[in-house]
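Participant: Starting from these lines, generate the structure:
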Amino acid sequence: MPLFQLQEKFWKSETKARADSSKFQEVETKILLFGKDEKMKSKFIMIVLSLGLLLTGCTKSSQSVVNSPEDALKSIESGNEEREIHVYGSYKVSEELELLIFRGVMNDQDIWVADVHKVDGQWVAKGIVQMNGPFKESDDIQTLLLRDEFGLPLDYELGYIKSNVPVPEDLHVFEIEGISDWKIWIKEI
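Facilitator: I've put the predicted structure just below:
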């Protein structure tokens, strides 16, 4: 075989080897890139999850914290956050239950008694009773019959007492501004 043919065969085989090698490197590079893409995808997913958890935590922490029974009154009706609420008195039934006599949630005239409970460290108004005055032609002391959501009696009673009547020792009486002929009373059972 002449030298010239030998050189040509050598160059062809070398070129083929380089082509095969470059194909191999290309495949290897694609595999590496695919691996990098997977790593990048997993990093991106972790970043998105972290941001999601961070935003959820920020949202929960920015919600209003209700550290007092009075603050719970603002959550009774939506839109009352800015309304001025006048509390006439409160009665602590237990560490987890407080009753508040107030005016100013729905409007500025109605008088209410709120049943405010401590749930998971936050005060929540569970129920309210409108107390705008005793029934006409009634006794000097009236009792409202209140039940919980299961129909069971509560740990307290409330009602009205006329202002000119002596107050029994077991009643806690609250005067309401602008009302002189009756008062609200609370009694622990």
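Participant: Run through the residues that contact the closest residue to Y160 other than its chain neighbours.
Facilitator: Leaving out its chain neighbours, the residue that sits closest to Y160 by CB to CB, 6 or more residues apart in numbering is P134, at 3.9 Å. The C-beta positions use only the backbone N, C-alpha and C, and glycine is treated the same way. Applying CB atoms under 8 Å, 6 or more residues apart in numbering, we find P134 in contact with 142, 159-160, 162, 182.
Participant: got any ranges where this structure has weak pLDDT?
Facilitator: Applying pLDDT under 70 to the chain flags the ranges 1-41, 44, 48, 51-53, 55-66, 77-82, 105.
Participant: so where do the strands sit in the protein?
Facilitator: Taking DSSP state E, the strands of the chain run over residues 86-94, 97-103, 111-119, 122-130, 141-144, 156-162, 172-174, 182-188.
Participant: Phi and psi next, for the residue nearest to Y160.
Facilitator: Note on P134: backbone dihedrals following degrees, to the nearest 10 are phi -70, psi 160.
Participant: per the record, what domains does this protein have?
Facilitator: Structural domains assigned to the chain are 1-63, 69-188, following automatic domain parsing.
Participant: coming back round to it: which pair in the contacts of P134 has the greatest spatial separation?
Facilitator: Pairwise distances among the contacts of P134 were taken by CB to CB; the largest, 11.0 Å, belongs to G159 and K162.
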